[in-house]
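A.B. asks: Test case, fold it:
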Amino acid sequence: MADPSPALVAIYLRPGARHPTVEKQSALAVADVGLDGDHAHGGKRQVTLLSLESWRLACAELGRDLEPSIRRANLLVSGLQLESSIGGVITIGEVVLDILGETRPCELIDDGGRTGLQQALRPQRRGGVYGRIRSGGKLTVGMECRLSLPPPS
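C.D. replies: Presented below is the predicted three-dimensional model:
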């Protein structure tokens, strides 16, 4: 049986710094701004992405099954190799994201009895990546995702 197509698994908005994430079935991505309803706007880090597979590896290493929402990434995707996506483009429906860098987990991820999660997210960019919204549009859980990488130089 073939692996399922890469897809958007979950959408999380962060209404404010250090506020709990809110899971949504859909969200509006605004070009050069961020996700409508999320506190992060503008700059290079308009949206953050986390790989479901990488999250599961980190949880297995930690020996605990944790909800991906605690990572505070905006988009949870499956079937994409985020660790090699920097400099590439991820397309989800009509939304186009330029992937600019690694989202490094800070010490706050170990709060609430999750000691060791920060360390488990460090290898292979398991903590995810961030990017800029080049073209906006509606995002809906279940949408197919596509990663395009620039040709090697």
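
A.B. asks: Quick check, central residue of this protein?
C.D. replies: The centroid of the chain falls nearest to Leu49 when counting by CA atoms, centre = their mean (1.2 Å).

A.B. asks: Correct me if wrong, but it is in a strand.
C.D. replies: Yes: read with DSSP: H, G, I helix; E, B strand; the rest coil, Leu49 is one of the residues of a strand.

A.B. asks: so it touches Gly127, yeah?
C.D. replies: No: between Leu49 and Gly127 there is no contact under CB atoms under 8 Å: 10.4 Å. The C-beta positions use only the backbone N, C-alpha and C, and glycine is treated the same way.

A.B. asks: what residues are shared contacts of those two?
C.D. replies: In terms of CB atoms under 8 Å, 6 or more residues apart in numbering, Leu49 and Gly127 are both contacted by the residues Thr103.

A.B. asks: Remind me what the worst-scoring helix or strand of the chain on mean pLDDT packs against, helices and strands.
C.D. replies: Lowest by mean pLDDT, DSSP states H and E among the helices and strands of the chain is helix 117-120, with a mean of 79. Secondary-structure packing of helix 117-120 (3 or more CB pairs under 8 Å, 6 or more residues apart in numbering; DSSP states H and E): helix 52-62.
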